[in-house]
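# no sequence for this one, just the structure:
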Ligand SMILES: *Cc1c(COP(=O)(O)O)cnc(C)c1O
C-alpha cells in the first residue's frame, strides 16, 4: 500500500488553533475580561420560519407510504432546480435545469470538481485566499501559481496576460477580503479565460450580500462566461444552512460542447447519492415569497453589523475593503503593525478578537479580518471599543 504522497506537501494551518490558544490564555490570566469575538466565520441566526415549516412538512412526508422518498436523483430534485432557474432569472441569467447540480455545500463541490480535470493543469489562485482552493489542489499534486491581491489593486487582482494557467479560482464577494468585482473586472477574467482555454471556478457563496445593483451576483451575468465558468453557490450564508448543508453547482452545457456537464453528471452519479429530500425541501422554501422576505431580514441583521463596523473604520480613517457587499471587513492594521501584533493589541486593549490576515496568505500580513456574523449589541459594543482604542 502506498499513501498519496501529495498529502505530505500540505501546509499545516495553525491559524484558528493559535487564535483559540491566545484567547484561552488571555481569558485565564484575566477572568474578568468581557471578550467579544468578531472572528466568527459562521452564521449565528437560526433558520427562518418558512424553511423550518418546509423541513417539518418534509419529515411528515417521510412518515407516510404515499409521500415517502428513497433515493432521489443524484443531481437533485426538479422542484429545487426549477426554483434556482427562477432565482437566476431574477438576476437576468437564463439557465437550463440540467445545468444545475444540487450539492451538500459549496466546499465539497469546490474540491470534488477537480476530479474532472487533469492533474497536469496549472492552477491560479489569488493570495490571500480561502485555503480550500489551495489544499484541494496540493492533494492532487497540481502546480499552483498565485495572483497578488493587495492594497494597490484593492484586493481585486486582474489577469496578467503573461501568466499561463488552466484553472482559475475567483471568489466574489471575497472571503477573506470582502472585496467584490464589478462587471469590468469579471469581464477581464472571462476574456482571459476564454483566450487561454482555461476554466474559471467561480465561488459565489456571498452573492446574497451584494447590495450595489451594478455589481454582478453571478458570473453568468458577464458575456462569454458560459463557455469558461463553473459557478458554485450555497445556502450556507444565504439562508443559514452551514449546519443543514445544501448548495449547488452550475456547469453550463456551453462549456467544451457539453463535455464538462456530462463528465460532472457522471462523476456525481458515481460518487454521490444526493442531498436529503428533507434538506432540499427546506432549501426550496427559501425561494417562496415568504422565505425570501424572511431570509432578507436575517441578512439585513448581519448587514447592519457590517455597516456599524464600516462606519467605525471610516471614522477612524482606517483603510479597508468589504463591509458593503460582504459580511467581511478587511482592514489595514494601524501604525504599520503586522497581523499578529495587531491581534494581540486588540485582544489586550479592547478585548476584541478578529482574524489575522497573515493566516490567509503572504499578502494578508499587515491586514486583519472582522466579521459581521455576531450579535448586534455585541458588535456595537466592539465598535465603541475600537473607536476608543484607535482614535488619534
Ligand atoms: C462559507 C463559504 C462557502 C460555503 O461553503 P458550504 O460548504 O456551502 O458551507 C464557500 N466558499 C467560501 C469562500 C466560504 O467562505
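Structure's in. What do you need? Keep in mind that this is a model prediction, so the values were computed, not measured.
# quick one: residue 137 and residue 122, what's the gap?
Plainly put, residue 137 is 10 Å away from residue 122 if you go by CB to CB, to the nearest Å. For the C-beta atoms, the positions are set from N, CA and C on the backbone; glycine is no exception.
# when the two are compared, which one has more neighbours?
Set residue 137 next to residue 122 and count neighbours by other CB atoms under 10 Å: residue 137 wins out with 23 against 16.
# against residue 25, how distant is residue 187?
48 Å.
# more crowded one of those two?
residue 187 (17 against 11).
# and the gap between the more buried one and residue 216?
9 Å.
# between these two, which contacts overlap?
Applying CB atoms under 8 Å, 6 or more residues apart in numbering, one finds that residue 187 and residue 216 are jointly contacted by residue 222.
# residue 190: neighbour count?
When neighbours are counted by other CB under 10 Å, residue 190 registers 26.
# which non-adjacent residue is nearest residue 348?
Take residue 348 and drop its neighbours on the chain: the residue closest to it by CB to CB, 6 or more residues apart in numbering is residue 26, 7.0 Å away.
# show me the domain layout of the protein.
As given by automatic domain parsing, the domain ranges for the chain are 5-46+291-390, 49-287.
# need these in a markdown table (columns: distance to the ligand and mean pLDDT).
A markdown table is the format used below for those (distance: least, CB to the nearest ligand atom, whole Å; pLDDT from 0 to 100):
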| stretch | distance to the ligand | mean pLDDT |
| --- | --- | --- |
| domain 5-46+291-390 | 7 | 97 |
| domain 49-287 | 3 | 97 |
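# next, the contact list for the residue lying closest to residue 316 once chain neighbours are set aside, please.
Spatial nearest neighbour of residue 316, chain neighbours left out: residue 390 (5.1 Å); criterion: CB to CB, 6+ apart. Residues counted as contacts of residue 390 (CB under 8 Å, 6+ apart) are 316, 318, 334.
# ok so, going back, measure the residue nearest to residue 348 to residue 343 for me?
Separation of residue 26 from residue 343 (CB to CB) stands at 11 Å.
# between the two, which one's more packed in?
Shown here are residue 26 and residue 343; by other CB under 10 Å, residue 343 has more neighbours (26 against 16).
# what sits against the nearest residue to the more buried one once chain neighbours are set aside?
Spatially, and ignoring its direct neighbours in sequence, residue 343 is nearest to residue 356 (4.8 Å; CB to CB, 6+ apart). Taking CB under 8 Å, 6+ apart, we find residue 356 in contact with 15, 19, 339-340, 342-343, 364, 368-369.
# switch the cut-off to 10 Å
15, 18-19, 22, 39, 333, 338-344, 346, 364-369 (CB atoms under 10 Å, 6 or more residues apart in numbering).
# which of those are buried?
15, 19, 22, 39, 333, 339-340, 342-343, 346, 364-369 (16 or more other CB atoms under 10 Å).
# out of those, which is nearest to residue 209?
residue 369 (14.7 Å; CB to CB).
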